[in-house]
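1. need a structure here:
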Amino acid sequence: MHEDSLQSPGEELPGKPESHGSEITKKSLESSLRQLKCHFTWNLLAGENSLDDFEDRVCNQIEFQNSEFKATTYNILAFIKHHRGQNKEALECLQEAEELIRREHADRAEIRSLVTWGNYAWVYYHMGRLSEAQTYVEKVKQVCKKFSSPYRIESPILDCEEGWARLKYGGKFNERAKVCFEKALEKKPDNPEFISGLAIASYRLDNWPPSQNPTDSLRQAIKLNPDNNYAKVLLALRLQDMGKEEEGESLIEDALRKATRATDVLRGAASFYRKKGTREKTIEMLGKALECMPNNAYLHYYLGCCYRAEVIKLQSEKYGDKESLLRLIEQAVDHLKKAEEHNGNLPNIYSYLATLCAHADQYEEADYYFQKEFLKELSPGAKQLLHLRYGNFQLFQMRCEEKAIHHFLEGMKIKLRSKGKDKMKAKVQRLAEKRLFQNEADSEALYLLKVVAELDGDSERDMDSSNLLPSSSIAEAGNGEEGDGYHRAAAGGTPFD
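-> Here you go, the predicted model:
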């Protein structure tokens with residue numbers, strides 16, 4: 001990826017008609033802008049399909065060190081605001097970043113401000129305020145001249161700033177972020193901030209490439225900065241995966257004592273307790289995080305999934321309390337609806353709402369959410385699971401065997417071997433056999449058994465002829481029952497199937 005792209009992604013540089021003298025100034029300014037190290041020259045939007053998804057990921061999904069590096073966050077927000085066409089708000093964000101740098105990094109304010117000034121220059125340029133853009137280019141130039149460079153310098157601080165920015169964007173940028181921190185550490189090998197960045201990047205890349213091992217980096221980051229509570233949470237999660245849960249929980253407890261309202265720590269702790277199976281603590285951590293970020297779709301979604309799992313657990317108990325069940329359903333639905341208001345693309349969200357409404361005897365609303373889920377672009381596994389759930393809804397709640405059978409067969413037609421497919425096969429077979437018991441000459445029942453046998457045979461042939469089709473659990477197929485890694489649903493004759 002080339003970091004010196006002329007345009008901010010998706011935009012052309014403005015070309016207002018100007019006098020000949022102004023045009024020369026404009027060309028000179030454009031040349032300077034190309035050389036600045038800032039968000040506008042790092043191609044951060046390259047390959048993005050949706051600005052909404054991009055902003056959602058940056059602002060809501062990815063949390064790290066939210067009690068520190070606030071200037072970095074404001075620079076990112078300014079970049080996003082600009083691409084929203086909100087240049088006034090972008091400038092306000094840059095003012096916040098500049099003030100934070102002056103207050104928190106007074107000893108290195110000039111170098112720390114270079115990225116912010118570069119962003120200022122680009123925003124003013126796109127606003128057509130060329131003289132103000134030139135002012136910030138000159139501010140960058142004055143600092144760089146001290147290092148015998150016109151518009152950019154090689155500095156571990158700037159490498160670190162780029163690394164944090166790329167970490168915040170996540171995804172495909174994690175590898176590049178790791179490179180930035182490694183480069184910074186070449187010049188300052190004991191810098192706690194650089195080591196912390198490398199540790200987080202290594203943790204994110206733990207599964208790719210396989211050789212990555214973030215444990216040592218995380219331990220070193222904590223040793224150099226005992227207040228790095230996010231690193232403690234990441235190390236705890238890593239230790240839990242390694243079977244050292246007790247040591248991990250000690251780190252979690254320490255981080256929570258020292259950072260009671262840090263959402264990155266709370267979310268990480270929630271993940272730890274969820275893996276441990278302590279659902280009450282998971283709900284507690286997510287609830288505290290939600291107090292700080294009340295409109296975060298993902299926190300509402302995870303809480304909704306937690307309460308949904310409690311519904312499934314209570315429903316499976318022979319003498320479950322109906323009043324408690326309805327109260328849990330209400331809590332689950334409330335959080336999932338709030339999540340849906342902010343992001344309707346969360347996995348399984350409409351089918352989760354549908355099945356919960358079905359168990360609250362709200363059949364019309366349940367069908368409404370099922371239809372919304374069918375309208376989404378789903379993976380084969382998610383589509384198959386949806387047919388199973390909707391078929392169960394038709395069979396058990398609406399008492400409509402014909403529609404149930406239709407959806408079970410549609411699910412079976414999807415060329416994916418799964419537990420869900422086996423369940424649909426068994427349900428159709430039972431329904432057909434029940435009809436044959438009543439009338440052994442029932443042609444429709446005989447036809448159903450024939451179709452099931454054919455579909456099952458097709459499935460076996462597909463498995464024999466190709467290794468591309470996954471042999472997976474429902475949870476692995478399109479997030480299945482777990483919804484972003486949370487809660488497996490109970491088996492049985494319910495829409496939760």
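2. Lys337: neighbour count?
-> If you count neighbours by other Cβ atoms under 10 Å, Lys337 ends up with 15. Every C-beta, even on glycine, is put in place using the N, C-alpha and C of the backbone.
3. Quick check: phi and psi on it?
-> Main-chain dihedrals, Lys337, degrees, to the nearest 10: phi -70, psi -40.
4. contacting residues for Phe173?
-> Going by Cβ atoms under 8 Å, 6 or more residues apart in numbering, Phe173 touches Leu44, Arg166, Leu167.
5. So the second one belongs to a helix, correct?
-> So that's Arg166. Yes: under DSSP: H, G, I helix; E, B strand; the rest coil, Arg166 sits within a helix.
6. Pull the residues that contact the host helix or strand of Leu256.
-> Element membership for Leu256, per DSSP states H and E: helix 245-258. The contact list for helix 245-258 (Cβ under 8 Å, 6+ apart) reads 227, 229-230, 232-233, 235-240, 265-266, 268-269, 272-273, 276.
7. again, only this time at 6 Å
-> Contacts with helix 245-258, where a contact means Cβ atoms under 6 Å, 6 or more residues apart in numbering, come from Asn229, Lys232, Val233, Leu235, Ala236, Leu239, Gln240, Val265, Ala269, Phe272.
8. What about the third one, how many residues nearby?
-> If I follow you right, that is Val233. Residues near Val233, counting by other Cβ under 10 Å, number 29.
9. Go through the strand or helix carrying Leu386 and flag the buried ones.
-> According to DSSP H and E, Leu386 maps onto helix 380-392. Residues of helix 380-392 classed as buried: Gly381, Ala382, Lys383, Gln384, Leu385, Leu386, His387, Leu388, Arg389, Tyr390, Gly391, Asn392 (neighbour count, 16 or more other Cβ atoms under 10 Å).
10. quick check, nearest of those residues to Arg152?
-> Arg152 lies nearest to Ala382 out of the buried residues of helix 380-392, by Cβ to Cβ, at 46.2 Å.
11. Give me the next element, helix or strand, following the helix or strand where Thr355 lies.
-> Per DSSP H and E: Thr355 is located in helix 349-359. Under the assignment DSSP H and E, the closest C-terminal helix or strand after helix 349-359 is helix 363-375.
12. Show me what that next one is packed up against.
-> helix 349-359 (3 or more Cβ pairs under 6 Å, 6 or more residues apart in numbering; DSSP states H and E).
13. Give me the packing partners of the helix it packs on, helices and strands only.
-> helix 322-342, helix 363-375.
14. Export only the CA atoms of the first one, formatted as CSV.
-> Translated: helix 322-342. Extracted as CSV, the C-alpha positions of helix 322-342 are listed here (Å, rounded to 0.1, in the frame of the first residue of the first chain):
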residue,chain,number,x,y,z
LYS,A,322,-42.8,-18.5,33.3
GLU,A,323,-42.7,-15.0,34.9
SER,A,324,-38.8,-15.1,35.0
LEU,A,325,-38.8,-16.4,31.4
LEU,A,326,-40.9,-13.5,30.1
ARG,A,327,-38.8,-11.0,32.0
LEU,A,328,-35.6,-12.4,30.4
ILE,A,329,-37.2,-12.3,27.0
GLU,A,330,-38.2,-8.6,27.6
GLN,A,331,-34.6,-7.8,28.5
ALA,A,332,-33.1,-9.6,25.5
VAL,A,333,-35.6,-8.0,23.1
ASP,A,334,-35.0,-4.6,24.5
HIS,A,335,-31.2,-4.7,24.0
LEU,A,336,-31.4,-6.4,20.6
LYS,A,337,-33.9,-3.8,19.4
LYS,A,338,-31.6,-1.0,20.5
ALA,A,339,-28.7,-2.7,18.7
GLU,A,340,-30.8,-3.0,15.6
GLU,A,341,-31.6,0.7,15.6
HIS,A,342,-27.9,1.4,15.2
